[in-house]
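In: 3D, please:
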Amino acid sequence: MGTYATKDIRNIALVGHSGCGKTSLSEAMFFDTGAATRLGRVEDGTTVSDWDDEEKRRHVSINTAVIPCEWKGAKINLLDTPGYADFAGDVIAAVAVADAGLVMVDAVAGAEVGTELTWSYLNERSLPRLVVVNKMDRENANFDKALQSLREHFAGAIVALQVPIGKEHDFRGVVDLMQMKAFVGPKGEMQDIPANLQAEVDKARTLLIEAAAEGNDDLIMKYLEGEELTPEEIQLGLGLGIRAGSIVPVVCTAASANLGVQALMDALVLLAPSPNQSAPVTAVRSNTGDTMTLATDPNGPLAALVFKTVADPYVGRVTFFRVFSGTMHSDSRVFNSRSESEERIPQLFTPRGEQHTNVDVVVAGDIGAVAKLTSTITSDTLCEKAGALQLAKPSYPSPLFAVAISPKTKADSAKLGPALTRLSEEDPTLRWRQEPSTQQTILEGMGDTHIDIAIRRMESKFGVGVETAVPKVPYQESITKNASAMYRHKKQTGGAGQFGEVHLEVKPLARGAGFEYSTDRVFGGVISNSFFPSIEKGIKSVLESGAMAGYPVVDVRVEVFDGKMHPVDSKDIAFQVAGREAFKLAIQQANPVLLEPIMDVAITVPDEYMGDVLSDINTKRARVQGMTQERGRSIVTAQVPLAEMQRYATDLRSITQGRGLFTMTFSHYEVVPAHAAEAIIAEAKREAEKE
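Out: Take a look at the predicted model:
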């Protein structure tokens, strides 16, 4: 593969709802450009995109695959993204380095929840887009209905760029409304427009020309004066409208039968913006914090964004990047502005699924990869050391699903932390942490499938075996009123004894205030100042281990106001014990309560599932905050205890047949209802007895 000029590159993020045929389309494009000798199938595990063992096993994409297609003097870097919501992080990363989106919809289902989600990702970057209606050869496929569905759900002038030839099983090609020619069969043979379609084609072409003319003042004047626009002027007007986001052209294919694919590639080359036609990106200078604008110039300062990292068992860590400015060279050195370290760049290559093609340079606007970088992770910027830059990092959603993990063996225990760190560096939507309140290792992701694949990768790539469980809810303990208590610790063993007496008062604080400790009320030297830290140490041991159910105690103020000491027997340990026990007694008298985390939840579902979703969430102690409807979708916002949402990703998928989506973020802690608290405390005591 040769080096392409920036103007001849098209970076296209292929996005859409799961199962709409994205991988089949990328396979057909790869085959039609002569890069493959046979057309692979998802069902057989023979596609270029789905090369991962898990993808072959599940017959579903779980990674973004870079599929470069050389077509009519241009290089189309197709970023084939997963459609399954669990792998939204890969979609966001692909959108971050694309110059346009190709949104795929099913010709039978039309716009779906996943379509809306990926459309919103494109909106966040104001990316131009085209739409491809796929599976036109299926029973009940209807291009006009799919087009209408798009218009109902999304803004902008959504106009047909093609007219299908034949319906359902008789679909055999398309009429291109710019070229006014028919493209028929798997080879896209150019033919005249079928006579029976001429009226429909003329009507659709008029709508297309009107949309194109509105993108340019000169064109609209010419159109209004009754003059016919030339094909070049139509292309110009459409290109301007697409880049402005006011026009969304729609084409149609049957990717698995390789119908309409070559006409689609023609449209991408002619209408999708090249990197130097896209909006300039901004970067921050590491040394000054100043913001600067970067043009897509091969001779500019180097700035490359790492959008994906993969641990390959054969070549080590593989880093995928998009060069936004400058040129990356093989056998060179670059600077990582996050880690502030220099990286040696060995042989650069162009990824083609699992295969690699070595290249000497990756110019501004192009996508490349390199192996064996040591300190570079996803979202890092590679640049020149002099005048180091940091490109904006993609914003990833919060995790929705968590498991508690524990190593199977002692050998696994030693490798667990490094393996989890490597996984989270590769995938920013995977996160892990130690939860101090439950003493569990928590792995968080976007769904059960996401977590399941991460655990399989941990075993296959890093040799770490783990067992999983539903995480314990990180409850907290607190108090609701003032209370006082005293405790005298006295121990005589024949030699030097132990003596310490502490009187203290506990007071509740506002939620989130934490812990306060005061000895200002102690007068007359009844307790030496040297013992105050010992008392605090004893109190803090209870803060960590809890006084009711073993959960951390929060939002409490402790005031020591009296006590006694012995001139010989008073020691640090005596006052630690006295402080600890006095604190425990005071808490028991201060109306202690359990606190639970409350989550802000937003659920988006098709209207027909609204009733079922509301019924289900009302059983989860939810407080519904609002309900809105947008373009055939219902959005429910609510506050729900985390204890009820631990496995909601699975529940919602079951209720909505996989068509529902939700987001969840932490809101605050509040008191657990008394009946629920009793059960939690009883369970905690049973577990403590087992230990």
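
In: Under the pLDDT cut-off, which ranges of the stretch 51-200 of the chain? List them.
Out: 53, 55-56 (pLDDT under 70).

In: how about the strands in it?
Out: 65-71, 74-80, 100-106, 129-134, 157-160, 162-165, 173-176, 181-184, 189-191 (DSSP state E, counting those that start in this stretch).

In: Columns mean neighbour count on top of the ones you listed, output as JSON lines?
Out: All C-beta spots, glycine's among them, are computed from the backbone N, C-alpha and C. Listed next are these as JSON lines, based on neighbours: other C-beta atoms under 10 Å:
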{"stretch": "strand 65-71", "mean neighbour count": "22"}
{"stretch": "strand 74-80", "mean neighbour count": "25"}
{"stretch": "strand 100-106", "mean neighbour count": "26"}
{"stretch": "strand 129-134", "mean neighbour count": "27"}
{"stretch": "strand 157-160", "mean neighbour count": "21"}
{"stretch": "strand 162-165", "mean neighbour count": "26"}
{"stretch": "strand 173-176", "mean neighbour count": "27"}
{"stretch": "strand 181-184", "mean neighbour count": "20"}
{"stretch": "strand 189-191", "mean neighbour count": "13"}
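
In: Now stretch 436-449 - C-alpha only, CSV.
Out: Extracted in CSV, the C-alpha atoms of stretch 436-449 (Å, rounded to 0.1, in the frame of the first residue of the first chain):
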residue,chain,number,x,y,z
PRO,A,436,-12.1,-0.3,51.2
SER,A,437,-15.5,-0.5,52.7
THR,A,438,-16.1,-4.1,51.5
GLN,A,439,-12.4,-5.1,51.0
GLN,A,440,-13.2,-6.3,47.5
THR,A,441,-11.4,-5.9,44.2
ILE,A,442,-14.0,-4.4,41.8
LEU,A,443,-13.9,-4.6,38.0
GLU,A,444,-16.4,-2.2,36.3
GLY,A,445,-17.5,-2.1,32.6
MET,A,446,-20.4,-1.4,30.3
GLY,A,447,-22.2,-4.7,30.7
ASP,A,448,-22.0,-8.4,31.5
THR,A,449,-20.6,-9.3,28.1
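
In: which of the residues in that stretch are buried?
Out: 437-438, 440-449 (16 or more other C-beta atoms under 10 Å).

In: How about stretch 475-486?
Out: By neighbour count on 16+ other C-beta under 10 Å, the buried set for stretch 475-486 is 475-479, 483-486.

In: got it, and stretch 388-406?
Out: Residues of stretch 388-406 classed as buried: 388-391, 393-394, 396, 399-405 (neighbour count, 16+ other C-beta under 10 Å).

In: Start and end of that stretch, how far apart?
Out: 41 Å (C-alpha to C-alpha, to the nearest Å).

In: Looking at it now, give me its mean pLDDT.
Out: For stretch 388-406, the mean pLDDT works out to 91.

In: Angles on the backbone of the spatially closest residue to S339 that is not a sequence neighbour, please.
Out: Spatial nearest neighbour of S339, chain neighbours left out: S375 (4.3 Å); criterion: C-beta to C-beta, 6 or more residues apart in numbering. Note on S375: its backbone torsions stand at phi -120, psi 20 [degrees, to the nearest 10].

In: Could you dump the buried residues of stretch 475-486 into JSON lines and include distance to T6 and secondary structure?
Out: Listed next are these as JSON lines, based on distance: C-beta to C-beta, whole Å; DSSP: H, G, I helix; E, B strand; the rest coil:
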{"residue": "Y475", "distance to T6": "56", "secondary structure": "coil"}
{"residue": "Q476", "distance to T6": "55", "secondary structure": "strand"}
{"residue": "E477", "distance to T6": "60", "secondary structure": "strand"}
{"residue": "S478", "distance to T6": "60", "secondary structure": "strand"}
{"residue": "I479", "distance to T6": "65", "secondary structure": "coil"}
{"residue": "A483", "distance to T6": "72", "secondary structure": "strand"}
{"residue": "S484", "distance to T6": "75", "secondary structure": "strand"}
{"residue": "A485", "distance to T6": "74", "secondary structure": "strand"}
{"residue": "M486", "distance to T6": "78", "secondary structure": "strand"}
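
In: Let me have the residues you listed in JSON lines, extended by distance to V284 and pLDDT.
Out: Output for the buried residues of stretch 475-486, formatted as JSON lines (distance: C-beta to C-beta, whole Å; pLDDT from 0 to 100):
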{"residue": "Y475", "distance to V284": "41", "pLDDT": "93"}
{"residue": "Q476", "distance to V284": "38", "pLDDT": "94"}
{"residue": "E477", "distance to V284": "43", "pLDDT": "94"}
{"residue": "S478", "distance to V284": "42", "pLDDT": "95"}
{"residue": "I479", "distance to V284": "46", "pLDDT": "95"}
{"residue": "A483", "distance to V284": "52", "pLDDT": "96"}
{"residue": "S484", "distance to V284": "55", "pLDDT": "96"}
{"residue": "A485", "distance to V284": "55", "pLDDT": "96"}
{"residue": "M486", "distance to V284": "58", "pLDDT": "96"}
